[in-house]
Structure formats: structure tokens, C-alpha cells
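> Provided below for reference: sequence and predicted model.
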Amino acid sequence: MNSNANPANAQMRLDDAVALFRGNDEFPCVVGPTASGKTGLAIALAKALDGEILSIDSVQIYRRFDIGSAKPTPAEQAEVPHHLIDIVDGHDAIDAGTFAARADAAIADLRARNKRPILVGGTFLWMKGIVQGLAEAPRGDTAVRAELAALAEREGRAAVWEALAAVDPASAARLHPNDFVRTSRALEVFRLGGVPLSKLQEEHGFRQSRYPYKLLTPGRSTEELEGRLATRAAEALASGWIDETRALLADGYRSARPMGSVGYREVVSFVDGALPEAELLGAIVRSTRVFVRRQRTWLRDEPVTAIQG
């Protein structure tokens, strides 16, 4: 069994990875678990390959959700231009297809300027949608989304997950009951088309490439990643994550889709008085750990190369 926390079937040093991309037009796609160091690796690659970064992250797209989503810092964004960050309001719905269209436009712009696109992020389905295309699924429906949001508000997010499990158990099995964004989308697809999203994805197979690409991941041991998870959460709390969340709640973002993402929901519980301060950090780390296991599962069968150093 590979000792890396990130599933990978090959290992390579950074200098060798850079050399691998010289003389071709492949896109480095930096994937891997939360807190593994994807941003740092992407910046190093962008500098070496005269590239710019496309953030493939379903929370970093939202304005004002900054600390909890670990957006690249202003200093990091000054080092290398970043795209697809802060592109929508927290109340706006955006699915993988809409995001892929935005990414296609950004890629076309970079290519026109002879800049290499460096894709980086932990939302792996969106990454695959860009480089391999998406299964044909019904477009988002405002009425269905409002109905599912009302169900979650009335009975809790788990009720949406249970409704999904009844009609698409394969999709439910790979999603956490608190992952309202993906759970509601999968249920929406079934209600609109009558076919489980998992079946659509299986038939699509992600077998063809829309762009030339290679998957890379930071090489981290399990122990190292575990420490980084705790450090990142503690630093985010110390940097004002609670105040950021309070401000968002005060401005009406309680039901915003990113507020249900990992970490934010625990901070909301603390702000609401349901979670003691002494338990907040541990709750965030546990929730993130569950998400990391899911990220590793998504990448398990992919040809990912771990970059050391």
C-alpha cells in the first residue's frame, strides 16, 4: 500500500515534473486532499512553466467566503495570477456544467496569451468535467432547488441525503449527508430526468479528453497530512474565521450553499451556541478528515503522480 496520504501510482521530484511539461502543451492538474499543499505546488509550476492558475474549488468561487475556503492569500495571488476565484455571490447556484464553461473561457484566454493553464483544486468532479467533459444531465431548475432548500431548512440536510439514497444509492454512498450542494444536485438530476446521476456518470465514463493534461499531487505522508489539517484549521480560526462567519450570517447568508461546506457548518454551530468553543477545532478537524477520505476515494483509480520536494 502506498505510504502517501494522496493516492498516487508514481513519484517524481518537482524539477523532473517541470521538465516533463517542457516542449508539450499538457495542463498540469494539481489535485489531492485538503491541506496537502496544492496551492504551493501550483504556484511553483506556474512560475516554472510561465503559467497562470485556474482554481477548481466549489467554495472558493464564492465572494466573501475567504478564510474558511483557504483562498490563496493576496501575496500568493500577486506571485501568479489566479482565475475562477470570487466569481459568484454566495446565494447564486452554479453547477459543474456552468463552471466548466467559465473555465473553458479562461483557458481560451490563457492560450491566446501563450500562458499555460495550471488547474488546481479539491473539487475533483469539476476538474474531470473540464478536462474530460461531463455526463449529460438536466440543467439546474430554480423551483426544484427551492423545494430541496426548503426540505433541508425544515427537516435538516440529512433529509435531502435520505431522499437521494432512496433513488440513487450509489451517489448517496459517496456523499456526506451534510454535503447539501452535491447531494441536492444529484437529487435534482433525478427529479428532473428520472435517471440517477450515478448512472449518467457511469455511461459517460470520462473516457475522452477535452484537453491534454496530467494529474499531479503533493507528496505527503498520512502523518504529515494529519498535522497539516489541524494546523490549517487552527490558523484559520486565529485569522478571523468566526468573525467572517458572523458577518455573513448577519448579512443573510445562512442558507447560502457554501455555508454548508466543511468547516463553515461547524463554525455556524458554534456561533449559534450549539457547539462549545473548546470543541470547535476538533469538530472542524474531524469533519475535514472525513472529507479527505472522500477525496482520496475519488482519486484512488486515477493516474496521479506524487511530487516530492
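Okay, I see it.
> quick one: residues contacting the closest residue to Phe21 other than its chain neighbours.
Leaving aside its chain neighbours, Phe21 sits nearest to Leu49 (5.6 Å; criterion: CB to CB, 6 or more residues apart in numbering). In this view, the C-beta of every residue, glycine as well, is placed from N, C-alpha and C. Residues in contact with Leu49 (CB atoms under 8 Å, 6 or more residues apart in numbering) are Val18, Phe21, Arg22, Pro28, Arg116, Ile118.
> next one: Asp86
Contacts of Asp86 (CB under 8 Å, 6+ apart): Gln60, Ile61, Tyr62, Arg63, Lys71.
> any chance of the residues you listed in JSON lines, with pLDDT and distance to Gly97 too?
Output for those, formatted as JSON lines (pLDDT from 0 to 100; distance: CB to CB, whole Å):
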{"residue": "Gln60", "pLDDT": "97", "distance to Gly97": "18"}
{"residue": "Ile61", "pLDDT": "97", "distance to Gly97": "14"}
{"residue": "Tyr62", "pLDDT": "97", "distance to Gly97": "18"}
{"residue": "Arg63", "pLDDT": "97", "distance to Gly97": "21"}
{"residue": "Lys71", "pLDDT": "97", "distance to Gly97": "23"}
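> what about these, which are in strands?
Cross-referencing the contacts of Asp86 against strands under DSSP state E gives no overlap.
> from Asp92, how far out is Ala19?
41 Å (CB to CB, to the nearest Å).
> on that earlier part again, and of the contacts of Asp86, the nearest to Asp168?
Of all the contacts of Asp86, Asp168 sits closest to Ile61, with 24.9 Å by CB to CB.
> and the strands in the stretch 201-309 of the chain?
213-218, 304-308 (DSSP state E, counting those that start in this stretch).
> pick the most deeply packed of these.
strand 213-218 (a mean of 23; mean count of other CB atoms under 10 Å).
> contacting residues for the closest residue to Glu79 other than its chain neighbours?
Using CB to CB, 6+ apart and skipping residues adjacent in sequence, the residue nearest Glu79 is Ile43, 5.7 Å away. Ile43 is in contact with Ile53, Glu76, Glu79, Val80, counting by CB under 8 Å, 6+ apart.
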